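> next input, structure requested:
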Amino acid sequence: MSKTTPEQKISFTKRFKQSFATGFAVVLIKGFALLPLSVAQAIGKFIGTLLYWLPNRQRFLAECNLRAVYPELSQEQRNKLLKQVLQHNAQAICESGAMWRWNQEKLLNAVREVHGLELLEQAFAQGKGVLMLGPHIGNWEVVGNYLAIHYPSTVMYKPPNLQGLEQMMREARGRFGSELVPTDLRGIRQLIKALRSNKLSAILPDQDAGEGAPKVPFMGVPARTMGLVSKLLQKSEAEVLFMVGLRHPQGGFVLHVLPADRDALADADSIKAAMALNQGVEQCIKMAPEQYLWTYRRFRGTQGIYQK
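Numbering: from 1, shown residues only. Here you go, the predicted model:
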């Protein structure tokens, strides 16, 4: 009888943890979908408050990010903002049940107002396709759902850390007709094809772009910034806009379609294009800085940011 090697034990333990975490996440998502949105948000706010008071990775990352981008704030002001950030980030997680499982009617009822929709209509009227940039602020899932319900959409996605959730995520995000494409060359070609067919393509533009990407200021701090936006615009004649879904104090969401500087975003100079992209995201953040995903390592690759 062969003995189990240490490597096999580690692999088994890792698979077991992944399976358990995936199962737990699925139960939570389905459970939150049964709750009224206001209740799910209240639970999220409570969890975020706990995260503020207890030592944890989310609190650490948010604290580091806020210290870097808002050096002018006093410690008291930063702590107040930190608490709000953690509350909103937890609410986004608790809203996933509604975002992934609610039907069209319930989701649209959760949208209180839509501002700037005329910009989107005008962009489509050009007949060249629309590239929608949706930063990680408020609830970006509600933006994706709203767009999929109303427009033929192709959306780039990154697989979740829990591999077992990928199929559920793809089914959830594609249930209103969106075509989901991976973050590779095949996915990029599909985005370009959609734009050239006067469809809508959407991406999250504020993720760390990795080694080799232009490193330009984001909220005053050097950050590796994606060049995909400029490439898509250079290879198509598409219009470009920003869109965010912010939580309303009285419940539900308010969606905002915002103008973008196409010429600057499509600049052949990668540095100039990256700077224009970050400036556009910054304008979105200014609308509700407490709702931005400050628990993400946006400044990965920049020394001194994530030190204790």
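
> can you list the domain ranges for this protein.
Per automatic domain parsing, the domain ranges recorded for the chain read 6-94, 111-291.

> those: which one's closest to residue 306?
domain 6-94 (5.1 Å; CB to CB). C-beta: built from backbone N, CA, C; applies to glycine.

> now do the closest one: distance to the chain's middle.
Relative to its chain's centre, domain 6-94 lies at 15 Å (CA atoms, centre = their mean, to the nearest Å).

> cool, and stretch 248-263?
Computed by CA atoms, centre = their mean, the chain-centroid distance of stretch 248-263 equals 14 Å.

> residues contacting the residue nearest the centre of the chain?
Nearest to the mean C-alpha position of the chain, by CA atoms, centre = their mean, lies residue 136 at 3.4 Å. Going by CB atoms under 8 Å, 6 or more residues apart in numbering, residue 136 touches 204, 206-207, 292-293, 296.

> neighbour-wise, give me the winner out of these.
residue 292 (29 neighbours; other CB atoms under 10 Å).

> so what sits opposite it in the bridge?
For residue 292, the beta-bridge partners are residue 137 (DSSP bridges).

> and it, how far is that from residue 199?
Separation of residue 292 from residue 199 (CB to CB, to the nearest Å): 28 Å.

> looking at this, residue 255 is in a strand?
Yes - assigned with DSSP: H, G, I helix; E, B strand; the rest coil, residue 255 falls within a strand.

> what are the boundaries of the strands in the stretch 101-250 of the chain?
111-115, 130-133, 153-156, 179-181, 200-203, 215-218, 221-224, 239-247 (DSSP state E, counting those that start in this stretch).

> to residue 48, which of those lies closest?
With CB to CB as the criterion, residue 48 lies closest to strand 239-247 of the strands of the stretch 101-250 of the chain, at 12.2 Å.

> extract the C-alpha set from the closest one and format it as CSV.
In CSV, the C-alpha atoms belonging to strand 239-247 read as follows (Å, rounded to 0.1, in the frame of the first residue of the first chain):
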residue,chain,number,x,y,z
GLU,A,239,-17.6,56.0,-28.2
VAL,A,240,-16.5,55.7,-24.6
LEU,A,241,-18.3,56.5,-21.3
PHE,A,242,-18.0,55.9,-17.5
MET,A,243,-20.8,54.4,-15.5
VAL,A,244,-21.2,53.8,-11.8
GLY,A,245,-24.0,52.5,-9.5
LEU,A,246,-24.0,54.2,-6.1
ARG,A,247,-26.0,53.3,-3.0
